[in-house]
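[1] Got a predicted structure plus its sequence, pasted below:
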Amino acid sequence: MSSLRIASRYAKALFRLADGDLAKAEKQATALDTIQELFAMEESARILRSPVMPAELKRELLKLALDRVGASPDLRNFTNALIGAGRLAMLPQVGEAYRLLLDAARGVLHAEVSSAVELGGAEVGAIQSALKNMLRKEIKIAQRIDKNLLGGFEVRIGNMLVDMSVRTKLDALAAQALA
């Protein structure tokens, strides 16, 4: 099973502990963000990711971070379970998956906009506004460069694809010419 799938399952389990309380889920997400900062620091990341470092050392390091943010007993038990399962190194992925679940619960959609060149803020804003009007939901956009598009853009939201690329238009013209 892929590590993303496993991280997603852990995130779902933690999200279920919030029991539909979005305020509690947001507090958990904020605490997870703080813990994730430990993975950005070289020394603490080395300890937390290492399979040979003692579990007690990892627990103490996490306890400092959890105390700092006033983490819930659920999150404390959750991180201890990750340590016990030898999956603490997955915590950053779990945090990302948790944020996606929280956004979905709030009705926020994630869109990936692919284009041949990086789009400017006004262009991204226009795409975001059009999607918001079309779908009646808040939209968070991530950009991706795809040189194969030649021009235009593609927007992917879940399984939905809006293809406004030059490549697709040229392919359609070629198909018409051959027909």
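    Structure's in. What do you need?
[2] Please count neighbours and contacts with C-alpha atoms only from this point.
    Noted.
[3] In terms of residue numbering, what are the domains of the protein?
    If you go by automatic domain parsing, the domain ranges for the chain are 3-104, 108-178.
[4] Could you tell me the end-to-end distance of the last one?
    Spelled out, that is domain 108-178. Length of domain 108-178, first residue to last, C-alpha to C-alpha, to the nearest Å: 42 Å.
[5] re earlier: quickly, which of the domains of the chain bottoms out on average pLDDT?
    Mean pLDDT is lowest for domain 108-178 among the domains of the chain, at a mean of 88.
[6] now it: how far from the chain's centre is it?
    19 Å (C-alpha atoms, centre = their mean, to the nearest Å).
[7] likewise stretch 5-25?
    For stretch 5-25, the distance to the chain centre is 13 Å (C-alpha atoms, centre = their mean).
[8] Would you mark the buried spots in that stretch?
    7-8, 10-12, 14-15, 18, 25 (16 or more other C-alpha atoms under 10 Å).
[9] try stretch 95-112
    Applying 16+ other C-alpha under 10 Å to stretch 95-112 flags 95-103, 108-112 as buried.
[10] which stretches of this structure form strands?
    108-115, 138-145, 152-157, 160-165 (DSSP state E).
[11] Quickly note the distance from Leu22 to Leu102.
    Going from Leu22 to Leu102 by C-alpha to C-alpha gives 8 Å.
[12] got it, and Lys137?
    14 Å.
[13] Select the longest helix from the protein.
    helix 22-40 (DSSP state H).
[14] Could you report the neighbour count for Ala174?
    Residue neighbour count, defined by other C-alpha atoms under 10 Å, stands at 11 for Ala174.
[15] dump the residue contacts of it.
    Listed by C-alpha atoms under 8 Å, 6 or more residues apart in numbering, the contact set of Ala174 is empty.
[16] Would you agree Ala65 is in contact with Ile35?
    Yes. Assessed by C-alpha atoms under 8 Å, Ala65 is found in contact with Ile35 at 6.1 Å.
[17] Comparing those two, which shows the higher neighbour count?
    Of the pair Ala65 and Ile35, Ile35 is the one with more neighbours under other C-alpha under 10 Å, namely 23 against 18.
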